[in-house]
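Enquirer: Kindly generate the corresponding structure for this input.
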Amino acid sequence: MDLSGLDTPAGLVDVSRMHANLERVGSYCREHGLSWRPHVKTHKTPELGAAQIAAGARGLSVATPREAEVMAGITNDLLFAYPPVGRAKLDRLVALPESLELTVGLDSLEALRALGSRAAEEGRELGVLVEIDVGLHRVGVPTPDEALGLAREAGRLDGTIYRGVMLYPGHIRSSVEDQGPALQGVSRYLEQVLDVLGSADLTPEVVSGGSTPTLFRSHEVAGLTEVRAGMCIFNDRAIAAIGACRWEDCAYTVLATVVSTACPGQAVVDAGSKALAREELRAPGGGYGVLLDRPAVTVKALSEEHGILDLSETDWRPRVGDRVRVIPNHVCASVNLQERLYGVSGGEVGDVWEVAARGRKRFGIQ
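Expert: Have a look, this model is predicted:
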């Protein structure tokens, strides 16, 4: 069907842009000898995970048990990149297929010992990456000595195998051209951690890091072996704003319908916070998204079902019933609000993909 047959709001994926993004990342990683293990939180869709594997990804990264359950049908190599605290999460992890090579990232003895104990109960051994804090100050051990202690314990416990370290430079959100000093800081600290681990005969097999904002400078971080950048399959307004992608690399939009033009200087569309997500751009222009073909038109305000377009910078005046495509600020949050995605080529819908890894329920159980 063509786009006029879709009810709105609807999440659209420009298939040609998506595949071009995948090829670009795969080529970059091959050129620099890096493995690619993209995080599926961006799309949560098995068909798109399979597309990443086909483009050269060695495996996938997940953050929830449901994501792990869904993506275990796509690859036999998963990184659970989130500390699995609590019996319910551990039960679901050890219930994953035994043929799956499952590695878990964590930063505490409590999480490590619980993981090892539960895995040993099932006669399994799960890989462990020790997460280190390189500047975001969200999770990750803050010192090389603490990383060493966790690595030793992971190698000693029944049920776990020490495989290396992971990091996330999420604090680096500046323009790509200005990222050099911050990346050098990450590289220097990582070198300290690797020196401490190496001197204890615990040299990591895997050093997992990267982010979409810093993706194409990942090779500047000495010692990195793989990158987990996932947003690069779609990109979004925030990624384009810092120069980490071109505007024409934004593959995801939300199709919306103009439902009101009653107030002068603005138009209202049927994509609100429940379709776009309420994440304001903290940069010039602000707002919650922009139109794909009219980037001067900003979504200046959101309520649950209403998005308000600011028409002050354009002479375009839409009519009720017109349709627009909005590039959101944060693609991951928007996709998580969609039940399905529509793959679009040449203005027509060619694919319909269920966003199967949304939510918390065990996959396959309604």
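Enquirer: packing partners for the lengthiest strand in the chain?
Expert: What stands out as the longest strand in the chain, according to DSSP state E, is strand 252-260. Applying 3 or more C-beta pairs under 8 Å, 6 or more residues apart in numbering; DSSP states H and E, we find strand 252-260 packed against strand 10-14, strand 266-269, helix 273-276, strand 323-328, helix 331-335. Placement of C-beta: from N, CA and C, glycine included.
Enquirer: for that strand, which positions count as buried?
Expert: Applying a neighbour-count criterion of 16 or more other C-beta atoms under 10 Å, one finds 252-259 buried in strand 252-260.
Enquirer: Could you do stretch 16-30 as well?
Expert: 17-18, 21-22, 24-26, 28-29.
Enquirer: and the protein, what are its domains?
Expert: Domain assignment for the chain, taken from automatic domain parsing, gives 3-8+244-354, 15-235.
Enquirer: End to end on the first one, go ahead and measure it.
Expert: From its first residue to its last, domain 3-8+244-354 covers 18 Å (C-alpha to C-alpha, to the nearest Å).
Enquirer: re the thing from before, between the domains of the chain, which one is closest to residue 361.
Expert: domain 15-235 (6.7 Å; C-beta to C-beta).
Enquirer: tell me the mean pLDDT over the closest one?
Expert: Averaged across domain 15-235, pLDDT comes to 98.
Enquirer: Quick check: end-to-end length of it?
Expert: Start-to-end span of domain 15-235 (C-alpha to C-alpha) is 13 Å.
Enquirer: hmm, who's touching stretch 306-321?
Expert: Contacts to stretch 306-321, defined as C-beta atoms under 8 Å, 6 or more residues apart in numbering, come from residues 256-261, 265-272, 275-276, 287-289, 291, 294, 296-302, 324, 326.
Enquirer: Report the buried members of those residues.
Expert: So, by 16+ other C-beta under 10 Å, the buried ones in those are 256-259, 261, 266-272, 275-276, 287-289, 291, 294, 297-302, 324, 326.
Enquirer: Now tabulate the buried residues of strand 252-260 in CSV and tack on pLDDT.
Expert: Putting the buried residues of strand 252-260 into CSV (pLDDT from 0 to 100) gives the following:
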residue, pLDDT
252, 98
253, 98
254, 98
255, 98
256, 98
257, 98
258, 98
259, 98
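Enquirer: Now distance to residue 41 too, for these, in TSV please.
Expert: Below are the buried residues of strand 252-260 laid out as TSV (distance: C-beta to C-beta, whole Å):
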residue	distance to residue 41
252	13
253	19
254	18
255	22
256	23
257	28
258	31
259	31
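Enquirer: Now flag whichever of these is closest to residue 337.
Expert: residue 254 (9.1 Å).
Enquirer: Hmm, residue 335 and the closest one touching each other?
Expert: No - contact criterion C-beta atoms under 8 Å: residue 254 and residue 335 do not qualify, at 9.6 Å.
Enquirer: how about CSV for the domains of the chain, with distance to residue 361 added?
Expert: As requested, the domains of the chain are exported to CSV (distance: least, C-beta to C-beta, whole Å):
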stretch, distance to residue 361
domain 3-8+244-354, 14
domain 15-235, 7
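Enquirer: Tell me which of these lies nearest to residue 362.
Expert: When these are compared by C-beta to C-beta, domain 15-235 sits nearest residue 362, at 6.6 Å.
Enquirer: ok, residue 120 touching residue 158?
Expert: Yes - here residue 120 reaches residue 158: they are 4.2 Å apart, a contact under C-beta under 8 Å.
Enquirer: Between these two, tell me which one has more neighbours.
Expert: Shown here are residue 120 and residue 158; by other C-beta atoms under 10 Å, residue 120 has more neighbours (16 against 11).
Enquirer: and the more buried one, what is it in contact with?
Expert: Counted by C-beta under 8 Å, 6+ apart, residue 120 has contacts 157-159.
Enquirer: Kindly recompute the last result at 6 Å.
Expert: By C-beta atoms under 6 Å, 6 or more residues apart in numbering, residue 120 lies in contact with 158-159.
Enquirer: same check, this time on residue 256
Expert: 8-9, 269-271, 324, 326.
Enquirer: Nearest to residue 198 among those?
Expert: Nearest member of those to residue 198, counting by C-beta to C-beta, is residue 326, at 48.7 Å.
Enquirer: returning to what we had before: any chance of CSV for the contacts of residue 256, columns distance to residue 99 and pLDDT?
Expert: Output for the contacts of residue 256, formatted as CSV (distance: C-beta to C-beta, whole Å; pLDDT from 0 to 100):
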residue, distance to residue 99, pLDDT
8, 42, 98
9, 39, 98
269, 46, 98
270, 45, 98
271, 41, 98
324, 46, 98
326, 41, 98
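Enquirer: Residue 300 contacts residue 287, doesn't it?
Expert: Yes - Residue 300 lies in contact with residue 287 (C-beta atoms under 6 Å); the separation is 4.9 Å.
Enquirer: And stretch 299-314, how far out from the chain middle?
Expert: 26 Å (C-alpha atoms, centre = their mean, to the nearest Å).
Enquirer: buried ones in that stretch?
Expert: Here stretch 299-314 shows 299-302, 307-311 as buried, counting by 16+ other C-beta under 10 Å.
Enquirer: Just to check, residue 298 is in contact with residue 290?
Expert: Yes - contact criterion C-beta under 6 Å: residue 298 and residue 290 qualify, at 5.4 Å.
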